[in-house]
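3D, please:
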Amino acid sequence: MYTISNLLAPFFLPAGLVALGLLGCIVLALRQRARAVAGALIGVFAVYYLAATWPLGSLLVDALERQAPAADKAVRPDGASAIVVLAGAASDAPPERAELNGPGWRRLWRGVELFWELEGRVPLIFSGGAPRGALARPGDLARRYALRFGIPADDFWLEGQSRTTYESGLAVRALLDEKFPGRRTHRILLVTSAWHMPRAVPSFARLAMEVVPVPCDFRSGAQRFGVRTLVPTYEALATSSFALREWIGLAVYRLRGA
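Next up is the predicted model:
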């Protein structure tokens with residue numbers, strides 16, 4: 001699933017769609033089909049403009065995040081086995097210069113914050129590996145940061161092999177079964193980006209885990225509608241792209257029952 005989704009998904013995102021559209025324009029131009037070229041260019045412009053302005057990106061992100069609970073909702077441990085923080089990614093740099101990306105930092109920080117809110121009574125699991133060939137692993141960076149934030153080494157558990165949300169669920173379940181043998185179900189406090197929560201919760205719940213969502217990294221509500229939101233920007237294009245990618249991932253997971 002990891003390989004297929006990574007090969008096909010880019011062609012359903014704005015950058016891939018624009019590239020395919022421009023390629024089609026070139027083919028039509030070489031065949032001297034002026035009307036078809038004009039129509040294709042209009043389509044390419046429409047895709048780019050919608051993706052690069054805020055209304056579409058805000059709508060897509062808001063629809064995802066409305067499914068997550070409020071960020072300020074109090075979290076009660078109530079017998080939780082662990083706080084589970086889903087990794088983001090690390091910068092493609094040597095380990096001594098690598099850093100977690102934005103979502104990875106915000107997820108880790110919320111997990112650390114929650115650990116201390118619960119007075120260190122619930123261990124923290126950081127789950128997620130790196131793509132093949134990556135120079136640095138998110139888990140190694142997270143462990144280093146967590147120890148500097150004062151979390152005892154015995155309370156920070158690392159799962160660094162999974163590369164998808166579903167694989168994280170499988171690996172976390174196996175780790176919890178090892179740590180708490182004999183338990184049929186495990187209650188976890190799941191920390192991830194609010195826009196990722198609709199895909200993450202079902203993936204863990206299907207593996208006989210009781211999931212308490214703890215969302216962070218909210219992106220919706222950052223832009224109010226106005227004239228300037230209709231001007232194409234890099235930030236709007238990036239928001240539309242990652243939101244569309246998440247919707248595609250959510251659709252794939254639901255079709256596969258993962």
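
correct me, but A68 touches T192?
No: taking Cβ atoms under 8 Å as the definition, A68 is not a contact partner of T192, at 9.2 Å. (C-beta placed from N, C-alpha, C; glycine too.)

what do those two both touch?
Each of P215 lies in contact with both A68 and T192 under the rule Cβ atoms under 8 Å, 6 or more residues apart in numbering.

Counting neighbours, go ahead and name the busier of these two.
Using other Cβ atoms under 10 Å as the criterion, A68 and T192 rank with T192 on top: 30 against 23.

Let me know the next secondary structure element after the lowest-mean-pLDDT helix or strand in the chain.
One helix or strand of the chain scores below all others by mean pLDDT, DSSP states H and E: helix 2-8, with a mean of 53. Note on helix 2-8: by DSSP states H and E, the next helix or strand toward the C-terminus is helix 14-30.

And that following helix, what's buried?
By neighbour count with 16 or more other Cβ atoms under 10 Å, helix 14-30 contains the buried residues 14, 17-18, 21, 24-25, 28.

Only the buried residues of stretch 98-118, if you could.
98, 100, 103-112, 114-115, 118.

ugh, wrong one, stretch 29-44
Across stretch 29-44, burial judged by 16+ other Cβ under 10 Å covers 37, 40-41, 44.

Run through who's touching it.
Residues external to stretch 29-44 that are found in contact with it (Cβ under 8 Å, 6+ apart): 17-18, 21-22, 24-25, 28.

Which one of the residues you listed is nearest to M209?
Closest to M209 out of those is L17 (36.6 Å), distances taken as Cβ to Cβ.

So the closest one is in contact with V47, correct?
Yes: shown here, L17 and V47 form a contact pair, counting by Cβ under 8 Å, at 5.1 Å.

For stretch 47-57, buried residues please.
Neighbour-count burial for stretch 47-57 [16+ other Cβ under 10 Å]: 48, 51-54, 56-57.

Likewise for stretch 149-162?
Buried residues in stretch 149-162, counted by 16+ other Cβ under 10 Å: 151, 155-160, 162.

Next, H186: phi, psi?
Phi and psi for H186, reported as degrees, to the nearest 10, are phi -130, psi 140.

Equivalent analysis for S193, please.
Residue torsions, per degrees, to the nearest 10, at S193 are phi -60, psi 140.

what's across from it in the sheet?
Here S193 sits in beta bridges with C216, as judged by DSSP bridges.

Cross-check the contact I'm expecting between it and R107.
Yes: S193 lies in contact with R107 (Cβ under 8 Å); the separation is 6.5 Å.

shared neighbours, the two?
Shared contacts of S193 and R107 (Cβ under 8 Å, 6+ apart): 88, 216-217.

Restricting to C-alpha, output the longest helix along the chain in CSV.
If you go by DSSP state H, the chain has its longest helix at helix 234-256. The C-alpha coordinates for helix 234-256 follow below in CSV (Å, rounded to 0.1, in the frame of the first residue of the first chain):
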residue,chain,number,x,y,z
TYR,A,234,2.4,29.4,-1.8
GLU,A,235,0.8,28.8,1.6
ALA,A,236,-2.6,28.2,0.1
LEU,A,237,-1.2,25.8,-2.5
ALA,A,238,0.6,23.9,0.2
THR,A,239,-2.5,23.7,2.4
SER,A,240,-4.7,22.5,-0.5
SER,A,241,-2.0,19.9,-1.5
PHE,A,242,-1.6,18.3,1.9
ALA,A,243,-5.4,18.4,2.6
LEU,A,244,-6.1,16.7,-0.7
ARG,A,245,-3.4,14.1,0.0
GLU,A,246,-5.1,13.4,3.4
TRP,A,247,-8.5,13.0,1.8
ILE,A,248,-7.0,10.6,-0.7
GLY,A,249,-5.4,8.6,2.0
LEU,A,250,-8.6,8.6,4.0
ALA,A,251,-10.6,7.3,1.0
VAL,A,252,-8.0,4.5,0.3
TYR,A,253,-8.0,3.4,4.0
ARG,A,254,-11.8,3.3,4.1
LEU,A,255,-11.9,1.3,0.8
ARG,A,256,-9.4,-1.2,2.2
